[in-house]
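A.B. asks: 3D model of this:
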Amino acid sequence: MKKIIQKVPVPLCGVMLGFAALGNLLQSYGEGIRYVCGAVSAFLLVLVLLKLILFPGMVGEDLKNPITASVAATFPMGLMLLSTYAKPFIGPAAMYIWFFAIGLHIVLIIYFTMQFIVKFQFQKVFASYFVLYVGIVVSSVTAPVFEQLRVGTAAFWFGFSVLLVLLVLVTIRYVRFPEIPEPARPIICIYTAPTSLCVAGYVQSVTPKSREFLLAIFALATVLYVFALIKALGYLKLKFYPSYAAFTFPFVISAIAAKQTMACLANMQHPMPSLKYVVLFETIVATLFMIYTLIRFMQFIFAADK
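C.D. replies: Predicted structure coming up:
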C-alpha cells in the first residue's frame with residue numbers, strides 16, 4: 001500500500017479539484033451525478049492526504065519546484081469546493097473547512113512569492129502560476145453557500161487584478177522562451193482556467209453586475225478556451241505525465257463560466273439562447289477530459305511495478 005501512496009503525485013490535487021467542480025457543472029442533470037463526482041473527488045483527497053501523512057518529506061521536496069508548488073494550490077481550491085458538498089452533512093463545520101482552505105491558499109501564495117517571485121527567473125514562469133494566484137477566486141464561486149459575499153468579492157478583485165498582470169507576464173515568457181520540456185507542455189492548457197474562473201466568481205459574488213464587463217471577460221475566456229483546447233488535443237499524443245492534470249479543472253471551469261454567463265444574462269433581461277450550444281459542447285469536452293485523465297492517473301498510481 002505504501003508503494004502505491006508513494007506514487008501519488010501532487011498534481012492529482014488538480015484532478016480532485018476537477019471532479020468537485022464537475023459535480024457542480026453536471027448538477028442540473030441530477031443530484032446523484034453531483035454526488036458521484038463528489039465521491040470521486042473525496043477519494044482522490046484521501047490519496048493526497050495519505051501522501052502528506054506518510055511521505056511529508058517527498059511533498060516538501062516537490063514544493064521546491066515552481067511548477068509543483070504552484071499546482072499545489074489546487075489542494076485548498078478542491079477543499080473549498082468539497083466543503084460545499086459537506087455542508088448538508090456537517091452543517092456549520094463546513095464553513096470552518098472553507099475558511100481553513102482559504103487560509104492555506106494564502107499561505108501557499110506567500111510561500112511561493114517568497115521562494116520564487118523574490119528570486120524571479122523568467123524561464124521558471126509557467127501557466128501554472130495562474131493556479132496559485134487566481135485560484136483564490138474559487139472562494140468567490142463558493143462564497144454564496146456560506147453567505148460570505150464580502151470575502152468572495154474581495155477574492156474576485158484580487159484574482160482579477162493579478163490575472164491581468166499574469167496574462168502579460170506568462171504570455172511573454174512563452175513567446176520569449178518557447179522551448180518547453182515535454183513533461184511540462186500540457187501545463188499551457190491552464191490558460192483557459194483563470195479568466196473563466198473570474199467569470200464564475202464575478203457572477204457568484206459581485207454585485208451590482210455590469211453586462212458589458214461580464215461579456216468582455218467571457219469573450220476573453222472563450223478565446224483562451226479555444227487556444228487551450230487546440231493545445232490539449234495535440235498533447236494527448238504525449239505519454240502520461242502528472243501535468244495531464246491540466247486537462248481537468250481548466251475545461252470544467254470554462255464550461256461552468258459559459259453556463260453561468262448564460263444564466264446571468266437571462267436574469268439581466270439580455271438572454272443569449274445560443275450560448276446553450278456552447279455550454280453543451282464545453283460540458284461534453286470537460287466530462288470526457290475528466291474521465292480520460294482519471295483513468296490515466298489511476299493506471300499510473302496503481303500499475304504494478306515492473
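A.B. asks: any idea which helix or strand of the chain has the worst average confidence?
C.D. replies: Within the chain, no helix or strand scores below helix 2-6, which has a mean of 91 by mean pLDDT, DSSP states H and E.
A.B. asks: show me what the helix or strand just after that helix is packed up against.
C.D. replies: Using DSSP states H and E, the helix or strand that directly follows helix 2-6 along the chain is helix 12-25. Judged by 3 or more Cβ pairs under 8 Å, 6 or more residues apart in numbering; DSSP states H and E, helix 12-25 is in contact with helix 31-54, helix 74-90, helix 249-267, helix 275-302. Heads up, the C-betas are built off the backbone N, CA and C, glycines and all.
A.B. asks: change it to 10 Å
C.D. replies: Judged by 3 or more Cβ pairs under 10 Å, 6 or more residues apart in numbering; DSSP states H and E, helix 12-25 is in contact with helix 31-54, helix 66-71, helix 74-90, helix 129-134, helix 138-142, helix 192-205, helix 249-267, helix 275-302.
A.B. asks: wait, which of the ones you listed is closest to G152?
C.D. replies: Checking these against G152 by Cβ to Cβ gives helix 192-205 as the closest, at 3.0 Å.
A.B. asks: tell me the mean pLDDT over that closest one?
C.D. replies: Averaged across helix 192-205, pLDDT comes to 97.
A.B. asks: got it, and stretch 68-88?
C.D. replies: 97.
A.B. asks: ditto for stretch 290-306
C.D. replies: Here stretch 290-306 scores 89 as its mean pLDDT.
A.B. asks: other SSEs contacting the least confident helix or strand of the chain?
C.D. replies: Packing contacts for helix 2-6, counted by 3+ Cβ pairs under 10 Å, 6+ apart, involve helix 31-54, helix 275-302.
A.B. asks: try 7 Å this time
C.D. replies: Under the contact criterion of 3 or more Cβ pairs under 7 Å, 6 or more residues apart in numbering; DSSP states H and E, helix 2-6 touches helix 31-54.
A.B. asks: which parts of the helix it packs on are buried?
C.D. replies: Neighbour counts over helix 31-54 (16 or more other Cβ atoms under 10 Å) mark 33-34, 37-38, 40-42, 44-45, 47-48, 50-52 as buried.
A.B. asks: quick one: it to chain centroid distance?
C.D. replies: The chain centre lies 15 Å from the centre of helix 31-54; the measure is Cα atoms, centre = their mean, to the nearest Å.
A.B. asks: need the contact partners of that helix.
C.D. replies: Helix 31-54 is contacted from outside by 2, 5, 8, 12-13, 15-16, 19-20, 22-24, 26-27, 59, 75, 78, 82, 85, using Cβ atoms under 7 Å, 6 or more residues apart in numbering.
A.B. asks: can you list the helices and strands packed on helix 12-25 in TSV and add distance to V175?
C.D. replies: Shown next, in TSV, are the helices and strands packed on helix 12-25 (distance: least, Cβ to Cβ, whole Å):
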stretch	distance to V175
helix 31-54	34
helix 66-71	19
helix 74-90	26
helix 129-134	15
helix 138-142	29
helix 192-205	18
helix 249-267	20
helix 275-302	26
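A.B. asks: hey, which of those helices is tucked in deepest?
C.D. replies: Stretch with highest mean neighbour count among the helices and strands packed on helix 12-25: helix 138-142 (a mean of 30; mean count of other Cβ atoms under 10 Å).
A.B. asks: so who does the most centrally placed residue in the chain touch?
C.D. replies: Among the residues of the chain, the one closest to the centroid is F249, at 4.4 Å (Cα atoms, centre = their mean). Going by Cβ under 7 Å, 6+ apart, F249 touches G14, L17, G18, A21, T74, A193.
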